[in-house]
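Visitor: after the sequence you'll find the predicted model.
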Amino acid sequence: MKETVCPNCGKPLTGDMVRSSNVPCQFRCGHCRERLYEYKVSAPIMIVSLALIVLLIYLLMLLRNAAGSMVPAVQHVPMAVLALVCAYPVFIVSERMIAKHVIQNGKIIYRGKRKGS
């Protein structure tokens, strides 16, 4: 497995550093606390995740209509609740995939002065 190092301090980056950030393409190094940027991996994974969420919502609507005739209570559950139930697992999996790919394949950029310069 390829190890990505911080361009500022030279210490290895971990997936937890990427996952702890609110924005997957910007995160802080856990060692030197400098803000790092990634621009190679996040966009394709996020597009696939959004497409998967839309597909799951569509399939959920089909399932809701099919199950509505057997269990009438399903028709009274708001679609937003069902959409969140579908979107949350996809979010968790995509967050882990993004962190893994950023660490293995990402192009990490540091936009400040290097230490010792």
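Guide: Structure's in. What do you need? Numbers count the residues shown, from 1 in each chain.

Visitor: quick one: buried residues of stretch 5-23?
Guide: 6, 7, 8, 9, 13, 14, 15, 17, 18, 19, 21 (16 or more other Cβ atoms under 10 Å). Heads up, the C-betas are built off the backbone N, CA and C, glycines and all.

Visitor: what distance do you get for the closest residue to the fourth one other than its chain neighbours to residue 100?
Guide: Right, residue 9. If the residues on either side of it in the chain are set aside, residue 9 comes closest to residue 32, at 4.0 Å by Cβ to Cβ, 6 or more residues apart in numbering. Taken as Cβ to Cβ, to the nearest Å, the spacing of residue 32 relative to residue 100 amounts to 22 Å.

Visitor: which residue ranges of the protein form strands?
Guide: Counting by DSSP state E, the chain forms strands over residues 26-28, 35-38, 108-110, given from the N-terminal end onward.

Visitor: poorly predicted segments of the protein, please.
Guide: Using pLDDT under 70 as the threshold, the predicted model of the chain has low-confidence ranges 1-2, 24, 40-42, 113-117.

Visitor: residue 86 and residue 58 touch, don't they?
Guide: No - here residue 86 lies out of contact with residue 58, judged by Cβ atoms under 8 Å, at a distance of 9.8 Å.

Visitor: give me the more crowded residue out of these two.
Guide: Between residue 86 and residue 58, counted using other Cβ atoms under 10 Å, residue 86 has the larger neighbour count: 18 against 11.

Visitor: quick one: residues contacting that one.
Guide: 53, 56, 57, 60 (Cβ atoms under 8 Å, 6 or more residues apart in numbering).
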